[in-house]
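Undergrad: what's the 3D shape of this:
(one chain, ligands or ions: 2)
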Amino acid sequence: MAKIKIVVAGPRGRMGKEAVKLVMENENYELVGVLDRKNEGKSLSDVEGFTNENAIVYTDIHKCFTEQKPDVLVDLTTPEVGMEHTVTALEYGVRPVVGTTGFSSGDLNKLENLSKQTGLGCIIAPNFAIGAVLMMKFSQMAAKYFSDVEILELHHDQKLDAPSGTAVKTAEMISSVREAKQQGHKDEKETIVGARGANYDGMHIHSVRLPGLIAHQQVMFGSDGQTLSIRHDSYNRASFMSGVRLAVDTVMKNNSFVYGLENIIE
Ligand SMILES: NC(=O)C1=CN([C@@H]2O[C@H](COP(=O)(O)OP(=O)(O)OC[C@H]3O[C@@H](n4cnc5c(N)ncnc54)[C@H](O)[C@@H]3O)[C@@H](O)[C@H]2O)C=CC1
Ligand SMILES: O=C(O)C1=N[C@H](C(=O)O)C[C@H](O)C1
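TA: Residues are numbered from 1 along each chain as shown. Ligands and ions are numbered 1, 2, ... in the order given. Just a heads-up that it's a prediction; the model follows:
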């Protein structure tokens, strides 16, 4: 069986490094290139932090795709760059697996349309950790019985986007089963702006950023005399890699647009 040819974008990043390792260690995958902001033309093995990864470093996505003709792009960069990479991938016939968060709903619509037009699979996964996907699904289940909910997401302090992609996806999943409800007292006032967090269909999302944290989320439900908390913690970035593998394998077989791993786990 031919190996799946993969390009990783953001290889020196926290997630990118782990994704490079995943690709290198899987005998069905071949790392044919990486997309970075620097080190054009070098072998990745000559870049600090790497040893035996022979893939070429590209700073130009067009050159990378033209020369390497990859099957899959794994993008772990920033929202603007990730969007540009994903659009370009679909235009070149490369199937995107995107972990990058911070895309707007307009971005997602654009990508869905492009995936349909090209007939290429495209997977956007706000969270690759299977436990986090279950936490979102369990929260959606609980929301049928509890209409009041607060989402607390906690991340390392180098994270660019807030709220996290996972928190946004959780709020969307809850909203799909819950009538919009303005929570809290109707006359409540913030004496310090932002005290009640972000408001999504009346539910509140709170973003904590601290060194020492990795990726954590607690979804808290309340009703008369009881609360229910559903929590997931990622303690390292290896926790995301089984989901990346699932997404890569699925995107090669599936020609549709997928937003969220809950749509592909069995
Ligand atoms: N879906 C998931 O399960 C997860 C998603 N993420 C998301 O993945 C993204 C990356 O997260 P981290 O690795 O923590 O960030 P990071 O800041 O460690 O890595 C981002 C990398 O992108 C690179 N980059 C920036 N512009 C680029 C360009 N034009 N071309 C190529 N590379 C470029 C940077 O040099 C950096 O190495 C974020 O959006 C984050 O929210 C993070 C963890 C899990
Ligand atoms: O930036 C991170 O670290 C993470 N980002 C994703 C998100 O925004 O939800 C996934 C995970 O929470 C880690």
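
Undergrad: just confirm Thr250 is within a strand.
TA: No. Assessed with DSSP: H, G, I helix; E, B strand; the rest coil, Thr250 is helix; it does not lie in a strand.

Undergrad: enumerate the residues of the stretch 51-200 of the chain near ligand 2.
TA: Residues of the stretch 51-200 of the chain found near ligand 2 (CB under 6 Å from any ligand atom) are Thr101, Pro126, Asn127, His155, Lys159, Asp161, Ser164, Gly165, Thr166. For every residue, glycine as well, the C-beta is placed using N, CA and C.

Undergrad: go again with 5 Å.
TA: If contact is defined as CB under 5 Å from any ligand atom, the residues of the stretch 51-200 of the chain in contact with ligand 2 are Thr101, Pro126, Asn127, Lys159, Ser164, Gly165, Thr166.

Undergrad: just the buried residues out of those residues, in ChimeraX syntax.
TA: Buried residues within these, by 16 or more other CB atoms under 10 Å, are selected in ChimeraX with:
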select :101,126,127,159,164,165,166
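
Undergrad: how about the residues of the stretch 1-150 of the chain by ligand 1?
TA: Counting by CB under 5 Å from any ligand atom, the residues of the stretch 1-150 of the chain close to ligand 1 are 10, 12-15, 35-37, 76-77, 81, 99-101, 127-128.

Undergrad: so where's this structure uncertain?
TA: Along the chain, no part satisfies pLDDT under 70.

Undergrad: can you show me the strands along it?
TA: Using DSSP state E, the strands of the chain run over 4-9, 29-35, 56-58, 72-75, 95-98, 122-124, 148-155, 198-200, 203-209, 215-223, 226-234, 257-259.

Undergrad: mean neighbour count added to these, as CSV?
TA: As requested, those are exported to CSV (neighbours: other CB atoms under 10 Å):
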stretch, mean neighbour count
strand 4-9, 26
strand 29-35, 23
strand 56-58, 22
strand 72-75, 28
strand 95-98, 28
strand 122-124, 27
strand 148-155, 21
strand 198-200, 16
strand 203-209, 18
strand 215-223, 19
strand 226-234, 15
strand 257-259, 20
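
Undergrad: and stretch 222-242, does that touch ligand 2?
TA: No. Against ligand 2, stretch 222-242 shows no contacts by CB under 5 Å from any ligand atom, the least distance being 6.5 Å.
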